[in-house]
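> all I have is the shape, not the residue letters:
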């Protein structure tokens, strides 16, 4: 994953400006399909036809990528460099190709910060790229997902089913299923339509894909599950999207689909514990109507007020994010 928000190193303006330019170029090349097209050697004429691209733009971008070492040129034909295959083609531990297009969307929103600071409310729905967002979420390292699921199941040892709220590409659902649970992945219709095919989720027997909107009123939300309740409701990187009052309502809503003694599990950047929380809140300022990052005390208050008890907050790998767990009805 791209470490975008960390503040634990010296900030050099010239270096940062250089890196920003390079990230935009790499993200643009990935979104345009250049790296995929260069899995084997091709000349500009072939690439122009394949990508429906501008010849001048292709030449300039390809030569810049060659100067950066991500593409090689041999006798007027280009091919992706070996070091770049793991980054842009092979979906392994080092793959970042899925997150870069989303990075472009983020930066586009950040450029509106001067107006936002003065109170402007830019239109954001038109900019929402489901594919870019889902692929960025899918780039989350497997070891982080496994660590999170492991902690959840240590606290809820006899869990049999889980509701993965806003679960997107299904990395957490898969991890829970691999540990013997059944899972319901609940997300917006356009997200489910994309991930069911792109990430092969429709073929997983223990996984139910459910289209919906968890910001609906509680009664309407609960009715969508036809009386089914869950041992665990997992909320990964959701709370930072919403305001404090919206999170209070969401946590109360979630309690309505938990079994007695069931567990809520919230993964997010907690202010005061995560080194990236403050900067990530700026991202939410640029990209959401009311989102931010919140303190441990706020989460504890929301959970207690909603009827949860036995609250635990732990730092996950590298302390970038935290896992908050609590049990319904155990005050």
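Happy to help now that I have it. Model, not experiment: these values are computed from the prediction.
> which SS class is residue 174?
Secondary structure assignment for residue 174 (DSSP: H, G, I helix; E, B strand; the rest coil): helix.
> ok, now which ones touch the residue lying closest to it once chain neighbours are set aside?
Closest residue in space to residue 174, ignoring its immediate chain neighbours: residue 204 at 7.2 Å, by C-beta to C-beta, 6 or more residues apart in numbering. Quick note: C-beta positions are derived from backbone N, CA and C, even for glycine. Taking C-beta atoms under 8 Å, 6 or more residues apart in numbering, we find residue 204 in contact with 170, 173, 174, 177.
> any idea which helix is longest in this protein?
helix 13-32 (DSSP state H).
> following that one, which helix or strand comes up?
helix 34-37 (DSSP states H and E).
> coming back round to it: the longest helix of the chain: which residues count as buried?
23, 25, 26, 27, 29, 30, 31, 32 (16 or more other C-beta atoms under 10 Å).
> closest one to residue 280 out of these, please.
Of all these, residue 280 sits closest to residue 23, with 17.2 Å by C-beta to C-beta.
> ok, and the closest non-adjacent residue to that closest one?
Counting by C-beta to C-beta, 6+ apart, the residue nearest residue 23 is residue 103, at 6.3 Å.
> cool, residue 92 as well?
residue 86 (6.0 Å).
> can you name the residues that contact the one you found?
Neighbours of residue 86 in contact, by C-beta under 8 Å, 6+ apart: 92, 94, 95.
> looking at these, which gets the smallest pLDDT?
Within the contacts of residue 86, pLDDT reaches its minimum at residue 92, with 70.
> that one: neighbour count?
For residue 92, the neighbour count with other C-beta atoms under 10 Å is 10.
> just want the phi and psi numbers for it.
Backbone torsions of residue 92, given as degrees, to the nearest 10, read phi -100, psi -160.
> go on, residue 324?
phi -110, psi 120.
> can you check the one 4 residues further on too?
Dihedral pair for residue 328: phi -70, psi 120, per degrees, to the nearest 10.
> from residue 309, how far off is it?
8 Å (C-beta to C-beta, to the nearest Å).
> tell me which other helices or strands the longest helix of the chain touches.
helix 55-68, helix 100-110 (3 or more C-beta pairs under 8 Å, 6 or more residues apart in numbering; DSSP states H and E).
> distance from that helix to the middle of the chain?
Taking C-alpha atoms, centre = their mean, to the nearest Å, one finds helix 13-32 lying 20 Å from the centre of the chain it belongs to.
> and stretch 261-279, by the same measure?
14 Å.
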